[in-house]
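**Q** From the sequence below, what's the structure:
(2 chains)
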Number of protein chains: 2
Amino acid sequence: MDAAFAQVEALVFDMFGTVVDWRESVATGVSTHLRDYLPSLDAHEFADMWRAEYQPAMEQIRNGSRPFTRLDVLHRENLETVLDRLDIEPSTIPSSVLDETNLTWHCLDPWPDAVSGLTRLKTRFIIAPLSNANVRLALDVAKRAHLPWDAILGAEVAGAYKPEPAAYLRTVEILGLQPDQVAMVAAHNSDLAAAQAVGLRTAFVHRPTEHGPGQTIDLEPVGDWDVVANDFEDLADRLV
Amino acid sequence: MDAAFAQVEALVFDMFGTVVDWRESVATGVSTHLRDYLPSLDAHEFADMWRAEYQPAMEQIRNGSRPFTRLDVLHRENLETVLDRLDIEPSTIPSSVLDETNLTWHCLDPWPDAVSGLTRLKTRFIIAPLSNANVRLALDVAKRAHLPWDAILGAEVAGAYKPEPAAYLRTVEILGLQPDQVAMVAAHNSDLAAAQAVGLRTAFVHRPTEHGPGQTIDLEPVGDWDVVANDFEDLADRLV
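**A** I've put the predicted structure just below:
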């Protein structure tokens, strides 16, 4: 086992892109719910546009201009923003349909190695998501996909969105551990950099198609991460 | 299925006494860790004395005279209080031994029907503890005993101890539900009364030996609870 992990008791996981393939799942959900209202819909493009509103929405909360608001609410607002950008008046679509479309984010499929890898990692470590997803979103994803989490942690429990230091440090505190006893697992270099900056251990997992076949970011680890793995089975091979 | 539960999506559980047999487990742990230091120890009496400090310690936080403090810290303080009451100077016992003894509360055995009953209830409902235990305590108990929770909720996540209304209502909010979509499951009439007062559904489960063979309280349901069950298997028979 990697020496940097000798003291580690808990692995905390980014979720969107690292555990689940949000892009394919959201494209499927959008296609199901909105095709009747958007005849020329490109579901993958729509998913990308929706995801593009994710960081700006959280930024209002990180910079203090808005109180903490759970991701379900931000996703619902962002859905209307995307429709506006496509020159579709949101009020032309029944709000019940938009609500159902928003729940697409609760029905994300895991990468094929996620459940089996997590099940192995759980034998040695506490495993929990440390996602910007709210608890109910992460819970619904886990229940549907049978992700074997020991707890649902993350931004809502910490009261702060990643990459704010408090998102990591409050999670560490709730786990009753020191920062170097917790490792952040993510497919995103920026997430690992923020976790490392406050003392957590780090594991990069390759997810080269999170953004589709033309992905240009996070194709390689860019940082001094403690472990780099091809997927969760490979991570379990290295750590369990 | 009981009509009152037609709208219920989540069951939240009291833990100490309802899911786990804290008295036998704590007596065993105390006996293991403290026998060398307390030759005349009555482990069950010690467990009862330790538990007796539980409500007074939380009361300081409920009445606002102390900021929210997790139960692990209160248990550790209460352990020294019990030693004082037994005329044992806590400093005569190594603090590492007291710390280990305190972790007894992380190693509580479930009642025999708990895992099988929860596994069946989980097929129809979201299931989570709504305990005054802190997250790490509840997580350790669950991981050791294989309790199949969908999430670890409770006082620490809500930032308030039961029976404060906020403990119930913040949990309902985190679950993204209305109060009547959540049912409190407990072996304690007072817990159910507080949950019912803020709109939750209620299920009383008989645990007639939580306090040992001479138990005098909570032997019968005292309130207009929506369901009364003999154990978690019986609860599953009624609800799933």
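**Q** contacts, neighbours, all on C-alpha from now
**A** Fine.
**Q** For A:G212, give me phi and psi.
**A** phi 100, psi -180 (degrees, to the nearest 10).
**Q** how about stretch A:178-185: buried residues?
**A** Neighbour-count burial for stretch A:178-185, counted by 16 or more other C-alpha atoms under 10 Å in any protein chain shown, picks out A:P179, A:D180, A:Q181, A:V182, A:A183, A:M184, A:V185.
**Q** let me fix that: stretch A:56-75
**A** A:A57, A:M58, A:R62, A:F68, A:T69, A:R70, A:L71, A:D72, A:L74, A:H75.
**Q** Over to stretch A:104-112?
**A** A:T104, A:W105, A:H106, A:C107, A:L108, A:D109, A:P110, A:W111.
**Q** and chain A, which of its residues are near chain B?
**A** Proximity of chain A to chain B (C-alpha under 8 Å from any C-alpha of the partner chain) is limited to residues A:134-136, A:139, A:142-143, A:149-152, A:157, A:174-176.
**Q** Of those, keep whichever come out buried.
**A** A:134-136, A:139, A:142-143, A:149-152, A:157, A:174-175.
**Q** can I get the residues of chain A next to chain B in a markdown table with pLDDT, secondary structure and distance to A:S95?
**A** Formatted as a markdown table, those follow (pLDDT from 0 to 100; DSSP: H, G, I helix; E, B strand; the rest coil; distance: C-alpha to C-alpha, whole Å):
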| residue | pLDDT | secondary structure | distance to A:S95 |
| --- | --- | --- | --- |
| A:N134 | 98 | coil | 21 |
| A:V135 | 98 | helix | 23 |
| A:R136 | 98 | helix | 20 |
| A:L139 | 98 | helix | 24 |
| A:A142 | 98 | helix | 26 |
| A:K143 | 98 | helix | 26 |
| A:W149 | 98 | coil | 33 |
| A:D150 | 98 | coil | 35 |
| A:A151 | 98 | coil | 32 |
| A:I152 | 98 | coil | 29 |
| A:V157 | 98 | helix | 28 |
| A:I174 | 98 | helix | 37 |
| A:L175 | 98 | coil | 39 |
| A:G176 | 98 | coil | 42 |
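**Q** Chain A: strands as residue ranges?
**A** A:10-13, A:126-131, A:153-154, A:182-186, A:201-205, A:227-229 (DSSP state E).
**Q** Can you tell me which of the ones you listed is most buried?
**A** Stretch with highest mean neighbour count among the strands of chain A: strand A:153-154 (a mean of 30; mean count of other C-alpha atoms under 10 Å in any protein chain shown).
**Q** on contacts alone, who are the packing partners of it?
**A** strand A:126-131, helix A:165-174 (3 or more C-alpha pairs under 8 Å, 6 or more residues apart in numbering or on different chains; DSSP states H and E).
**Q** Please render those as CSV that adds distance to B:D48 to the earlier fields.
**A** Below are the helices and strands packed on strand A:153-154 laid out as CSV (distance: least, C-alpha to C-alpha, whole Å):
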stretch, distance to B:D48
strand A:126-131, 31
helix A:165-174, 27
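**Q** How about residues contacting stretch A:16-27?
**A** A:13, A:43-44, A:46-48, A:104-105, A:107-111, A:114, A:131, A:185-188, A:205, A:207, A:210-212 (C-alpha atoms under 8 Å, 6 or more residues apart in numbering or on different chains).
**Q** same thing with stretch A:145-154?
**A** Under C-alpha under 8 Å, 6+ apart, the answer for stretch A:145-154 is A:109-110, A:114-115, A:118-119, A:122, A:126-135, A:138-139, A:141-142, A:167, A:171, B:139, B:142-143, B:149-152.
**Q** so where's chain A shaky on pLDDT?
**A** A:1 (pLDDT under 70).
**Q** Could you list the domains of it?
**A** With domains defined by automatic domain parsing, chain A comprises A:3-21+A:108-239, A:23-106.
**Q** quick one, which of these is nearest to B:T81?
**A** domain A:3-21+A:108-239 (22.7 Å; C-alpha to C-alpha).
**Q** which other helices and strands contact the longest helix seen in chain A?
**A** The residue-count maximum for a helix in chain A (DSSP state H) belongs to helix A:71-85. Where contact means 3+ C-alpha pairs under 8 Å, 6+ apart, helix A:71-85 is packed against helix A:43-52, helix A:54-62, helix A:95-102.
**Q** Put together JSON lines for these, with distance to A:S31 on each row.
**A** Listed next are those as JSON lines, based on distance: least, C-alpha to C-alpha, whole Å:
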{"stretch": "helix A:43-52", "distance to A:S31": "6"}
{"stretch": "helix A:54-62", "distance to A:S31": "20"}
{"stretch": "helix A:95-102", "distance to A:S31": "9"}
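**Q** A:Y37: which of these is closest?
**A** Nearest to A:Y37, of the helices and strands packed on helix A:71-85 and by C-alpha to C-alpha, is helix A:95-102 at 9.8 Å.
**Q** what's in contact with that closest one?
**A** A:G29, A:V30, A:H33, A:L34, A:D72, A:H75, A:R76, A:L79.
**Q** Can you tell me which of these is nearest chain B?
**A** Taking C-alpha to the nearest C-alpha as the measure, chain B lies nearest A:D72 of these, at 9.4 Å.
**Q** If you drop the residues flanking it in sequence, what lies closest to the closest one?
**A** Nearest residue to A:D72, sequence neighbours excluded (C-alpha to C-alpha, 6 or more residues apart in numbering or on different chains): A:N134, at 6.9 Å.
**Q** Torsion angles phi and psi at the one you found?
**A** phi -70, psi 170.
**Q** Distance check, it against A:L86.
**A** According to C-alpha to C-alpha, to the nearest Å, A:N134 and A:L86 sit 27 Å apart.
**Q** what's next to stretch A:54-74, contact-wise?
**A** Under C-alpha under 8 Å, 6+ apart, the answer for stretch A:54-74 is A:H75, A:N78, A:N102, A:N132, A:A133, A:N134, A:L137, A:E156, A:G159, A:A160, A:Y161, A:E164.
**Q** ends of that stretch, how far apart?
**A** First-to-last residue span, stretch A:54-74, C-alpha to C-alpha: 8 Å.
**Q** do the same with stretch A:158-166
**A** 7 Å.
**Q** how about that stretch: buried residues?
**A** A:A158, A:G159, A:A160, A:Y161, A:K162, A:P163, A:E164, A:A166.
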